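Undergrad: pasting a predicted model and its sequence here:
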Amino acid sequence: MRIATWNINSLRLRIDTLRRVVETIRPDVVCLQETKVRDEEFPLMDVRALGFNHVLYHGMPNYNGVAILSKAPLKQLVTVDWCERDDCRYLSARLPGGAVLHNFYVPAGGDVPDPEQNDMFAHKLRFLDEMIHWFDGQKPGRAILVGDLNIAPLETDVWSHKQLLKVVSHTPVEVERLGRVMAAHRWVDAVRHIVPPSQQLYSWWSYRNRTWPGDDRGRRLDHVWVTPALAGRVKDAAVLREARGWDRPSDHAPVWADIDLM
DNA sequence: ATGGTTGCATGGCAA
């Protein structure tokens, strides 16, 4: 099964780009973040026309919003409100074969990496703490976690480790928290299982760097993880980097992995 | 050090 994750930055604006992503990657399941559409206005017919007849979505006006698009039937699982607010950052489903799929949109955290000064950064850390406790209380089993985690954990996940140590997304406090989320459920980084950690790999490039891909100042914020039971079943994975160079792109590129779930 | 761009929705906020 090929599973893709993409922060689309407005589903309605980029439905044609989604079609191009689907034609290029040919995924069985697509997990979206930042759909930016309330449920009443979700473009269900357009999504079905792309071949996804089984669709879960959870959206709100203006911000956030997640969706899971699938060719095969899904079973929707209980939803969770993170940090006591329903701000549409999470959906989960059971896939054919029984594996659980989690789709996350972790808060970006604002600009100042200090929870005392910046409520958005405090929210990000609290969200990660809740993920730690949530996964700590569950048996790993067969599960897949994807999404925009808004953290680039490895030195090779950013264009300059040294220059980003104090930049939100790559600060030691966030990387340490994300490491504890991984440890809580013994998550394995499926993409780094395929692309060696020695190799630079990014999935996001700021809109503010107008020269893409010239200086290639990217970060790997989007992830696919699997539990140990599935680690040996990850057959391939990549970032669709070229999508960042398409007309009117999202600032994130899609990330996908092939996982043998049978 | 600062400002740079985008989307949603029409002012300013979050990314």
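TA: Right, received. Where do you want to start? Note that the structure is predicted; figures quoted are calculated from it, not measured.

Undergrad: what does the longest helix along chain A rub up against?
TA: Secondary structure of chain A per DSSP state H: the longest helix is helix A:119-136. Residues outside helix A:119-136 that contact it (CB atoms under 8 Å, 6 or more residues apart in numbering): A:80, A:82-83, A:89, A:104, A:106-110, A:112-116, A:150, A:168, A:173-174, A:177-178, A:180-181, A:184-185, A:187. Any C-beta I mention is one placed from the backbone N, CA and C, and that applies to glycine too.

Undergrad: just the buried ones from those, in ChimeraX syntax?
TA: Burial among these is assessed by 16 or more other CB atoms under 10 Å; the matching ChimeraX selection reads:
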select /A:82,89,104,106,107,108,109,110,113,115,150,168,174,177,178,181,184,185,187
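
Undergrad: can you narrow the contacts of helix A:119-136 to ones near DNA strand B?
TA: By CB under 7 Å from any atom of the strand, the members of the contacts of helix A:119-136 lying near DNA strand B are A:107-110.

Undergrad: which one of these is nearest residue A:49?
TA: The closest of these to residue A:49 turns out to be residue A:108 (CB to CB; 31.2 Å).

Undergrad: what sits against that closest one?
TA: For residue A:108, the contact set (CB under 8 Å, 6+ apart) comprises A:120, A:124, A:150, A:168-169.

Undergrad: switch the cut-off to 10 Å
TA: By CB atoms under 10 Å, 6 or more residues apart in numbering, residue A:108 lies in contact with A:34, A:120-121, A:123-124, A:148, A:150-151, A:168-169, A:221.

Undergrad: now do residue A:43
TA: Going by CB under 10 Å, 6+ apart, residue A:43 touches A:11-12, A:15, A:18, A:35, A:37, A:49, A:57.

Undergrad: ChimeraX command to pick out the buried ones of the residues you listed?
TA: In ChimeraX, this line selects whichever of these come out buried by 16+ other CB under 10 Å:
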select /A:11,18,35,37,57
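
Undergrad: lowest average confidence, helix or strand, in chain A?
TA: strand A:75-76 (a mean of 88; mean pLDDT, DSSP states H and E).

Undergrad: quick check: the gap between the residue found closest to residue A:94 once you drop the neighbours it is linked to in the chain and DNA strand B.
TA: Computed as CB to CB, 6 or more residues apart in numbering, the closest residue to residue A:94 that is not its neighbour in sequence is residue A:75, at 4.1 Å. Remark: distance between residue A:75 and DNA strand B (CB to the nearest atom of the strand, to the nearest Å) = 29 Å.

Undergrad: can you report how many residues lie near residue A:75?
TA: 13 (other CB atoms under 10 Å).

Undergrad: wait, it touches residue A:97, no?
TA: No - counting by CB atoms under 10 Å, residue A:75 does not reach residue A:97; the two are 11.5 Å apart.

Undergrad: how about the strands in chain A?
TA: Using DSSP state E, the strands of chain A run over A:2-7, A:29-33, A:54-58, A:66-70, A:75-76, A:90-94, A:100-105, A:143-148, A:188-189, A:204-205, A:218-219, A:222-226, A:234-239, A:255-259.
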